[in-house]
Structures are given as structure tokens and as C-alpha cells.
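Engineer: Show me how the following folds:
(2 chains)
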Amino acid sequence: MAKLRIIFENGGPERVIEFNPADAPFHHDGRPGSILDIMLGHKIHLEHACGGNCACTTCHVVVKEGYGRLSPPEEQEEDMLDKAPGLTPTSRLGCQAVVEDPNAEITIVVPKYTINLASESADE
Amino acid sequence: MSDAPEKPARNLRSARVERIFDHAPGIRSLFLRLAEGRALRFVPGQFISISIPLEDETRTRAYSIASGSEDAHVIEICFNRVPGGRGAAWLFERGVGDTLDFIGPFGTFTMERAPEVETVLIAEGTAIAPIRPMMHLAARAKEHAPTLLLYGAQSPEQLLYRAELERLAANDRDLRIESMVVPDADCAALYERLAEETQKRWVNGDNVRVRQFYICGVGKGVLRLRDLLRAAGYERRSVHYEQW
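Structural biologist: You can find the predicted model right below:
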């Protein structure tokens, strides 16, 4: 079984998921077997404003362990990550990073902030 | 596993359908007035994520903000029916007065200020939605660099906002629009033509490589245009794209 450990930078309780990558998809958003797909399928929320289609950075995660066990990022993901706040060398988009190795042990951090340029005001 | 994941509290906003406009069969705009007199400020190119309540769960689907006006209290989204697309089907069932919930705006396919270098916008069909506010941003500026919209569709009626965009261009010497209709063709043929034009004008046409490109469309054709331009020497960050 593969293992995904999730640390929430906002202080939420740490979670650990054990799963068989061959059972993917676990949900319906993001690439089948992606970190997003795995988390949603195990009832753990990860923001994905664009629906998991590599069109935003709200599912940005930082991989602390097991980066090399994930599917390599494609150009579209790299382009998107360029605009993610708090980018690190091991940043990935949860909707694109797929766990295929049944023995993979992955640890990720869900950053506190995601990009949201909303600015809202009420009428005076 | 069909149960929805538990979600933390989000900055959910509500809006009411104020007006419906059908551009063509299967292509519709909804005009959404934000609740409680609120306003939504967005950067041209951004989208909102609408909660789509289905029988078994609530899904989130992204829709580009197509608003052309500066009225921040009403936002327009434009979409078409998609085979098997439950989000669009649900939106087509909304009537005037119905409310819906959304979060956002989000997105990094954005034009923050009017073009400062020559800019080319390429869109196809409903993918004009995020491009339209960019055209208005340029048109509102006192000055901006030459900006061209190359707009393709499979029929003339699928060239949305055509009269409005042509009017903008008629009143602005640095704003142009060129339409391309590839009738009775699938999307692949349309993108083939867009790629041919791109190759002819901005790859083979000169050695200038300081243009900015904004490309929005459906499927792999968008990535083909991206790759064509980057391989020709345009800087990676000069080729902005959004693939639906």
C-alpha cells in the first residue's frame, strides 16, 4: 500500500492515508490517482478552484518526502506553478501529481495561503 | 466513494440571475448580480468557481468572467452545452431570479494592465469569455501598444460579441480584430488554421520576439499554439494560455 501523509500549515490535524494506487480514480476531480484525487476520495479537502484542471494554483502543495515517486510535472503545470505564492523547488499542483508506485511514501504540506486576488466591497 | 469531502468554511458568495442572453443555440450568458449590493473586482482573464448542486453531491466548476462593463455589481459568465457536462446542464436550467453560490475570482491567466508591448489575443468560440475583458481593458486605456484579436469559430454565429468587439476596434487605432470562420469543421481543423496563421505572421513573418500572446481555447490545440510560439523564440512568460 502507498502512504500519503498530509501536514496542514494552518495547524489542522495531520492526516495519513493508506491506499492502493491501482484503485484510482478515488473521486472525480484532478488526474486519476493525483494527490487531489486521493485526498478528495478520502474526504480530506484540498482547494481546487478550477475543478482540478490545471488552470489555477489553489491546489498547490509542497512535497516534503517522496518527490521522485510522483509523476513528473508537465510544462503546463510548471507554467502554473510559476505563479503560485510560496513556490518551492518541490512544489506541485495536487491535481497533476500522480502517485503510481504502490510502495510510495509521500509527505506533503498544504500551504496556508493560496492565490486569490478577490477584492470585495459593499456599496456605501 | 461518492460522499463529498468535508470542506472548511469558504468565502462563499451568492448571486442572483438578473438576465439571460442566448448568443446562439447552446451558447448562453448569465448576468449575475451579487447579493447585498456587493461588488466583485477581478482582473481580466480570471474565473469564478460555481457550486453545482447535483443529486449526490455538490461539485465546483470554473467559469471565466466575461463581463465587458465596469459594473462590478453584475458579472457575466458565458458558456455552452457540453455533451455529458453536468455543470453546464445545471446552469442552462437556471432562470431569472434563481440564486447560485460561488467563490473567487481565481486564476493566473490575467492581463493586469493595458498592453505595453505588441499583444496578440487568440480565442475560439466561447473561449472569448476571458479575452473580452482584456479587450475592454485595452480600449479603456488612453494609450496602449498595438493589440490584435484573432478570433476563430466554426460558424459566424459562434463569433460572440462580434459587433461589440468590432466597435471597440473601430474607435481605437491600436486595437484590431480579425475573425476566422472554418465552417463545418471540427475543432482540430480550426486550430490547424489558427496555427497556420500564427506560423505565417508571428513566426515566419519577422524576427520580432517581444510580443505578448494570450491564447484561450479548448483542448490540445491551445498547447500546440503555445509550443509553436515558444519554439520560435518567444520567452516562456510571454505566451500566456488557458486550456479548457
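
Engineer: Who are the contact partners of the most centrally placed residue in chain A?
Structural biologist: Chain A has residue A:94 as the residue nearest its centroid, 2.1 Å off, counting by C-alpha atoms, centre = their mean. Contacts for residue A:94 (C-beta atoms under 8 Å, 6 or more residues apart in numbering or on different chains) come out as A:30, A:34-36, A:39, A:46, A:48, A:59-61, A:108. C-beta: built from backbone N, CA, C; applies to glycine.

Engineer: could the residues you listed go into CSV alongside neighbour count, pLDDT and secondary structure?
Structural biologist: Listed next are the contacts of residue A:94 as CSV, based on neighbours: other C-beta atoms under 10 Å in any protein chain shown; pLDDT from 0 to 100; DSSP: H, G, I helix; E, B strand; the rest coil:
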residue, neighbour count, pLDDT, secondary structure
A:30, 29, 95, coil
A:34, 29, 98, strand
A:35, 28, 98, helix
A:36, 26, 97, helix
A:39, 26, 97, helix
A:46, 27, 93, coil
A:48, 26, 91, coil
A:59, 28, 94, coil
A:60, 27, 95, strand
A:61, 24, 96, strand
A:108, 25, 97, strand
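
Engineer: in chain B, which spans are strands?
Structural biologist: Using DSSP state E, the strands found in chain B span residues B:13-24, B:27-34, B:38-41, B:47-53, B:58-64, B:74-80, B:99-106, B:119-124, B:147-153, B:175-181, B:212-217, B:239-243.

Engineer: May I see those strands organised as CSV, with mean pLDDT added?
Structural biologist: Listed next are the strands of chain B as CSV, based on pLDDT from 0 to 100:
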stretch, mean pLDDT
strand B:13-24, 96
strand B:27-34, 97
strand B:38-41, 92
strand B:47-53, 94
strand B:58-64, 90
strand B:74-80, 96
strand B:99-106, 93
strand B:119-124, 97
strand B:147-153, 97
strand B:175-181, 96
strand B:212-217, 97
strand B:239-243, 95
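
Engineer: For residue A:15, find the nearest of the ones you listed.
Structural biologist: Closest approach to residue A:15 among the strands of chain B (C-beta to C-beta): strand B:58-64, 21.0 Å.

Engineer: tell me what the closest one is packed against?
Structural biologist: strand B:47-53, strand B:74-80, helix B:86-92 (3 or more C-beta pairs under 8 Å, 6 or more residues apart in numbering or on different chains; DSSP states H and E).

Engineer: Show me the one of the strands of chain B that comes nearest residue A:16.
Structural biologist: Of the strands of chain B, nearest to residue A:16 by C-beta to C-beta is strand B:58-64, at 25.7 Å.

Engineer: Identify each buried residue in the closest one, please.
Structural biologist: Judged by neighbour count (16 or more other C-beta atoms under 10 Å in any protein chain shown), strand B:58-64 contains these buried residues: B:59-64.

Engineer: circling back: out of the strands of chain B, nearest to residue A:52?
Structural biologist: strand B:58-64 (9.0 Å).

Engineer: And the contacts of that closest one?
Structural biologist: A:28-29, A:48-51, A:53, A:55-56, B:4, B:45-52, B:77-79, B:86-87, B:91, B:103, B:106-107, B:129-130, B:216, B:242.

Engineer: Only the buried subset of the residues you listed, as a ChimeraX command please.
Structural biologist: Selection of buried members from those for ChimeraX, criterion 16+ other C-beta under 10 Å:
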select /A:29,48,49,50,51,53,55,56 /B:45,46,47,48,49,50,51,52,77,78,79,87,91,103,106,107,129,130,216,242
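
Engineer: out of the contacts of residue A:94, which touch chain B?
Structural biologist: Restricting the contacts of residue A:94 to those near chain B by C-beta under 8 Å from any C-beta of the partner chain leaves A:39, A:48.

Engineer: how about the helices of chain A, start to end?
Structural biologist: For chain A, the helices defined by DSSP state H occupy A:35-41, A:75-81.

Engineer: so of those, which one's packed in deepest?
Structural biologist: For the helices of chain A, average neighbour numbers computed from mean count of other C-beta atoms under 10 Å in any protein chain shown are highest in helix A:35-41, which has a mean of 27.

Engineer: can you tell me which residues contact residue B:80?
Structural biologist: Residue B:80 neighbours (C-beta under 8 Å, 6+ apart): B:26-28, B:88, B:125-126.

Engineer: With respect to residue A:71, which of the strands of chain B lies nearest?
Structural biologist: Using C-beta to C-beta, the strands of chain B put strand B:239-243 closest to residue A:71, at 18.2 Å.

Engineer: got the contact list for the closest one?
Structural biologist: Counting by C-beta under 8 Å, 6+ apart, A:54-55, A:76, A:79, B:45, B:64, B:107, B:109, B:127, B:130, B:212-220, B:222-223, B:225-226, B:229-230 sit against strand B:239-243.

Engineer: Parallel or antiparallel, which strands does that strand pair with?
Structural biologist: strand B:212-217 (parallel) (DSSP bridges).

Engineer: For the strand it pairs with, C-alpha coordinates in CSV please.
Structural biologist: Taking Å, rounded to 0.1, in the frame of the first residue of the first chain, the C-alpha atoms of strand B:212-217 are listed here in CSV:
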residue,chain,number,x,y,z
GLN,B,212,2.9,39.0,-25.7
PHE,B,213,0.3,36.3,-26.5
TYR,B,214,-2.9,35.4,-24.7
ILE,B,215,-4.4,32.2,-26.0
CYS,B,216,-7.6,30.6,-24.8
GLY,B,217,-9.4,27.6,-26.2
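
Engineer: Cool, thanks, talk later.
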